[in-house]
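# below are the sequence and a predicted model; questions follow.
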Amino acid sequence: MDDTLEQPNSVPVTEQIDREEDEQSSGDEDQGPDWTKLPSLPTARPFIPKRGEKDFEPTTAGGSGLQRHVLDRSRHAMLEALSAPRTISSKSISYAVWHPDIARAHVTVSRGIHFASMGHSVARTGTVDDGAKKIHKRLELLPEEILYLVERGAMLCWKACDLAPADIPGLETVDGVPMTVQQAFAEVIGTEDLTLEKYQVFAYLKRLGYAVTRTIPPNADYPVPPPPEQPQRTSRTSFFDRVLFIMRWPLRALMHLLAPRFDWWRPIRLSCLHGNSFRSLRFLPGGHDVPLHVKAPPRAPVSPYQIFYNVCKPSTPFKKTAPPPPDYSVVVVNARRTPMPTLSELTALFDVLPELPPPLPRKRQPFAQQKSVGAGPAPPPASAPKTMPSPSMMQRLFPWAFSSPAPAETTRKVNPFLSLKTGKKMVVIAAVDAGMISFFRFGEGVFTEWPMT
C-alpha cells in the first residue's frame, strides 16, 4: 500500500485510492463500513452502514500515510452522518403537555401505535368558557412513558406555564414552552419513584415489544391486572368425608404417640408409616412453608428489592383498560449500590407473588408419512369403521355386569425436571450497572414436593 504513495505516476492519488477500494470491495458484510459512500446531498436522509472487519491491523508505528488518510476520511464522514438532525413526519407525531405539579403528561394529540399499551384515562376537573368547573376524562402518560416517546422522537412535549401560547399552526390552545430531550430528562427523572435505572429498563423492554406497566398503581384510575384466583375448596357433603374430617385429629395424635423417636442409628425404621425413605431420613423441617428463624434488626431499612414493573410478552393479548396477569414481575436495582438479595428479601418477594401452574411438556405431533412420487410403497388403505354388535337380552337386563371401563383420557404428564427448574414462583431482577442491564431469574423451588423414589 505504501508503494502507491512512493512511485510517481500520472493518475491522481485520490482516483487511485478509490479504484483500489472498489477492486478490493466484495459487497459483503464482512468488510468495514464505508462512510464515504453516504449521500452528501442535504435532502437525502443519512443512515449508518453496517459494521465489519477492519481493512488493516493497527501497528505501533501508527500506520502508513495511506492508512491515516483512509481513517481520517472515514472518521470525517462518520461525524457528518452522526451530526445530521433527526427528522420525523408531522403526520405521525403526537403532542402532550407536561404538568410538574401532578407529574403527568396530558396528551392533546395522539397518533401512532404506541398508545395501544401506554397511557391511561383520568378524570380531571377543568374550567369551561363560562367559568364553571366540569369533570372530563383525558389521556395521561406516566413519567417513563412520556420520556420514552420524547426520546425516540414520536412526541413533542410542552411544559405547562403561564406564558403566551405556542406560535404553531393548529396548536394555538397549548399553553407552555416546548421542551428538548435534555430538559425532559431533567424534568421527569426523579418524579413518581422513577430513577434513571428504572427508565433504562423500561425503554429496553419497550423496544423489544413487551407491554410494561406499573405493579403498584400510582393513582386510583390506573388499571391493574385482576388478583390471582384462589383455589376453591369443595364442600364435604358425603357421610364418609365427614367422618374422616372428624376423626383425623384423633388419628393424627395416635400416630404421633405410636411413632418412634428419631434414632441416628436406625433412621429408616418404620419407613412405611413415614412415607418414602428420603422423608424418614430428614430430621430437619424442609420446604418453603416453614418460617425463617431470622431476627430482623429493630430499624430495618426499606428493602430495594420491590417489584416495580409488570411485563407481558409481545404475543400476549394486551388490553390497556383491563391488563392481563403479567408474565414476568421485574425488580430494578442499581448494581453498584445494591448488594445481593438476602434470604429474607427473596422470601418477602415470593410472598406477594401468585403460584404458577406446573409447566406442561411440549406436545409432540405424530410423524406424518407423506407420500412422494416414485418413492416407497403406497400406504395401506384405511380400514372400515367397526360396527358394534347389538346388545343381547342379558346385557339389557344387567348392563352393570357387562359394562367395560371407560378409556382413560390421555393427559400429558408434568415433566419433573422442567418443574424443578421453573419452580412455582418466579421473579426477575434487573441489575443496571452504568447503563448495562443484566436480568437474573430467581425462582422458588419445589424440591420437597416431588418424591424422587
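Received it, and whenever you're ready, just let me know what you need.

# all contacts plus neighbour counts: C-alpha atoms, from now on.
OK.

# tell me the spacing between residue 105 and residue 251.
Using Cα to Cα, to the nearest Å, one gets 65 Å for the distance from residue 105 to residue 251.

# which one of the two is surrounded by more residues?
Ranked by neighbour count (other Cα atoms under 10 Å), residue 105 and residue 251 place residue 105 first, with 25 against 12.

# buried set for stretch 431-451?
Of the residues in stretch 431-451, 431, 432, 437, 442, 443, 444, 445, 446, 447 count as buried by neighbour count, 16 or more other Cα atoms under 10 Å.

# export those residues to CSV and tack on pLDDT?
As requested, the buried residues of stretch 431-451 are exported to CSV (pLDDT from 0 to 100):
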residue, pLDDT
431, 96
432, 96
437, 96
442, 93
443, 91
444, 89
445, 85
446, 83
447, 81
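
# which of the residues you listed lies closest to residue 161?
Checking the buried residues of stretch 431-451 against residue 161 with Cα to Cα, the nearest one is residue 432 at 34.8 Å.

# by contact count, what packs against the helix or strand containing the closest one?
Here residue 432 sits within strand 425-433, counting by DSSP states H and E. Strand 425-433 is packed against helix 196-207, strand 328-334, helix 343-351, strand 436-444, with contacts defined by 3 or more Cα pairs under 8 Å, 6 or more residues apart in numbering; DSSP states H and E.

# can you pull out the strands in the stretch 101-250 of the chain?
Assigned by DSSP state E, counting those that start in this stretch, the stretch 101-250 of the chain shows strands spanning 104-109, 120-127, 133-141, 155-159, 177-178, 211-214.

# the ones you listed: lowest mean pLDDT?
Among the strands of the stretch 101-250 of the chain, strand 177-178 carries the lowest mean pLDDT, a mean of 80.

# partner strands of that one, parallel or antiparallel?
strand 155-159 (antiparallel) (DSSP bridges).

# pull the residues that contact the strand it pairs with.
93-100, 149-150, 175-179 (Cα atoms under 8 Å, 6 or more residues apart in numbering).

# and the angle from that strand to strand 104-109?
Using axes from the mean of the first three to the mean of the last three Cα atoms, to 10 degrees, the inter-axis angle of strand 155-159 relative to strand 104-109 is 130 degrees.

# may I have strand 155-159 as PDB, with CA atoms only?
What follows is strand 155-159, C-alpha atoms only, in PDB (Å, rounded to 0.1, in the frame of the first residue of the first chain):
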ATOM      1  CA  MET A 155     -43.800  13.100  20.600                       C
ATOM      2  CA  LEU A 156     -43.300  16.800  21.200                       C
ATOM      3  CA  CYS A 157     -43.800  17.800  24.800                       C
ATOM      4  CA  TRP A 158     -44.500  21.300  26.300                       C
ATOM      5  CA  LYS A 159     -44.100  22.300  29.900                       C
END
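
# low-scoring pLDDT stretches of the stretch 1-150 of the chain, where are they?
Residues of the stretch 1-150 of the chain meeting the criterion pLDDT under 70: 1-63, 127-131.

# and if we set it to 80?
Across the stretch 1-150 of the chain, the ranges flagged by pLDDT under 80 are 1-67, 81-82, 84-90, 126-133.

# same check, this time on the stretch 151-300 of the chain
Ranges of the stretch 151-300 of the chain meeting pLDDT under 80: 161-177, 228-300.

# all helices of it, in order?
181-188, 196-207, 239-258, 271-274, 277-281 (DSSP state H, counting those that start in this stretch).

# circling back to that earlier point, looking at the buried residues of stretch 431-451, which is nearest residue 85?
Using Cα to Cα, the buried residues of stretch 431-451 come closest to residue 85 at residue 437, 28.4 Å.

# may I have the beta-bridge partners of that closest one?
Under DSSP bridges, the beta-bridge partners of residue 437 are residue 432.

# distance check, it against residue 196.
12 Å.

# check residue 354 too.
29 Å.

# and residue 311, what's its pLDDT?
96.

# contacting residues around the residue nearest to residue 222 when sequence neighbours are not counted?
Spatial nearest neighbour of residue 222, excluding adjacent residues (Cα to Cα, 6 or more residues apart in numbering): residue 120 at 6.3 Å. With contact taken as Cα under 8 Å, 6+ apart, residue 120 is in contact with 139, 140, 141, 221, 222, 223, 320, 321.

# and which of these is nearest residue 186?
Nearest to residue 186 among the contacts of residue 120 is residue 141, at 16.9 Å by Cα to Cα.

# the closest one touches residue 107, doesn't it?
Yes - between residue 141 and residue 107 there is a contact under Cα atoms under 8 Å: 7.3 Å.

# who is the residue nearest to residue 221 when sequence neighbours are not counted paired with across the strands?
Spatial nearest neighbour of residue 221, excluding adjacent residues (Cα to Cα, 6+ apart): residue 122 at 5.9 Å. Applying DSSP bridges to residue 122 gives these bridge partners: residue 138.

# wait, residue 122 sits on residue 139?
Yes - contact status for residue 122 versus residue 139: in contact at 6.5 Å, counting by Cα under 8 Å.

# give me the number of residues near the residue nearest to residue 221?
Quick note: residue 122 (other Cα under 10 Å) scores 18 neighbours.
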